[in-house]
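[1] build me a structure from this.
(one chain, ligands or ions: 1)
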Amino acid sequence: MSVRKPLIAGNWKMNLNHLEAIALVQKMAFALNDKDFDRAEVAVLPPFTDLRSVQTLVDGDKLRIVYGAQDLSPHDAGAYTGEISGVMLAKLGCTFVTVGHSERRQYHREDDDLVNAKVLAALRHSLTPILCVGEGLEVRQAGGHIAHSLGQLDGALRKVPAEQAKSIVVAYEPVWAIGTGEVATPDDAQEVCGALRQRLAELYDPEVASAVRILYGGSVKSANIAGIMAQPDVDGALVGGASIDAGEFVKICRFSD
Ligand code: PEP
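    Numbers count the residues shown, from 1 in each chain. Alright, predicted model coming up:
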């Protein structure tokens, strides 16, 4: 039975220029102590344009904060104007990369095949994908939320061997809860996160299922993090809006308000 270290990851989305990024990471680093970093791994996911600044700060001050990107190309190099590859992200010291976020699926028409190609691209360069799955409101209301999330998991993990599957992070992010202030109940989060873990055991084996960290994301705040973290199959949170407020994010990293 593996012991999963909780992960709190802040998805800054398309917010903060590189100077604001430095200020935010400095504030976080000032507030967080060794006990906090022992309790949970703390990651920030800034826009591409901030990554170099965050890298310089983290390396220069030997911070225990890790960082990653919000997306990557399925290709490693070549004539793909505007794209950023896993090779480039690895070179910038990224640990994580978000793949299949609902905003990418919705606004950039990313389907399961593309998400799968991006997961494979991340793993090729030793980046840990934070694979986002989750249903929209209509699917939830029709009771199809588990099947929908499991279908996205299956699609994203095609051709991913067990050894690599163990290292990925899955984030259950119901679309109706993202940026809406409408958080899923702890029981809702547990229901789907538990089902995702069960599916990992079916796709691979119990060892993989117990190694993979499964996060909840969707309007997480300091006021609701404790109940979410109390769930046995929830290993952390992917935090959007609240992650660009240093004080609030630090409280979330402490699982309390
Ligand atoms: C997200 O974008 O991954 C997210 C969970 O956003 P928010 O916390 O703002 O709902």
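[2] show me the contact partners of stretch 107-127.
    68, 71-76, 85-87, 89-90, 94-97, 99-100, 104-105, 128-129, 131, 151-152, 155-160, 164, 167-168 (Cβ atoms under 8 Å, 6 or more residues apart in numbering). C-betas here are computed from N, CA, C, even on glycine.
[3] Leu123 and the ligand, how far apart?
    According to Cβ to the nearest ligand atom, to the nearest Å, Leu123 stands 21 Å off from the ligand.
[4] can you show me the helices along the stretch 101-250 of the chain?
    102-107, 112-124, 137-141, 145-156, 162-165, 186-203, 206-211, 225-229, 246-253 (DSSP state H, counting those that start in this stretch).
[5] quick one: average pLDDT of the fifth one?
    Within the predicted structure, the mean pLDDT of helix 162-165 is 97.
[6] what number of residues are in the vicinity of the residue in the chain positioned nearest to the ligand?
    The chain approaches the ligand most closely through Gly240 (2.1 Å), counting by Cβ to the nearest ligand atom. Look at Gly240: counted by other Cβ atoms under 10 Å, it has 22 neighbours.
[7] for it, give me its contacts.
    Contacts here follow Cβ under 8 Å, 6+ apart; on that basis Gly240 touches Gly10, Asn11, Lys13, Ile178, Gly179, Gly217, Val220.
[8] how about a cut-off of 6 Å?
    Taking Cβ atoms under 6 Å, 6 or more residues apart in numbering, we find Gly240 in contact with Asn11.
[9] for this structure, what lies in contact range of the ligand?
    Counting by Cβ under 6 Å from any ligand atom, the residues of the chain close to the ligand are 11, 173, 178-179, 217-220, 238-242.
[10] that older thread, just the buried members of the contacts of stretch 107-127?
    68, 71-74, 85-87, 89-90, 94-97, 99-100, 104-105, 128-129, 131, 152, 155-157, 160, 164, 167-168 (16 or more other Cβ atoms under 10 Å).
[11] per-residue pLDDT, Met1?
    pLDDT at Met1 comes out at 52.
[12] which one of the residues of the chain next to the ligand sits closest to Ser256?
    Ser256 lies nearest to Val220 out of those, by Cβ to Cβ, at 12.7 Å.
[13] just the pLDDT for that closest one.
    Listed pLDDT for Val220 reads 97.
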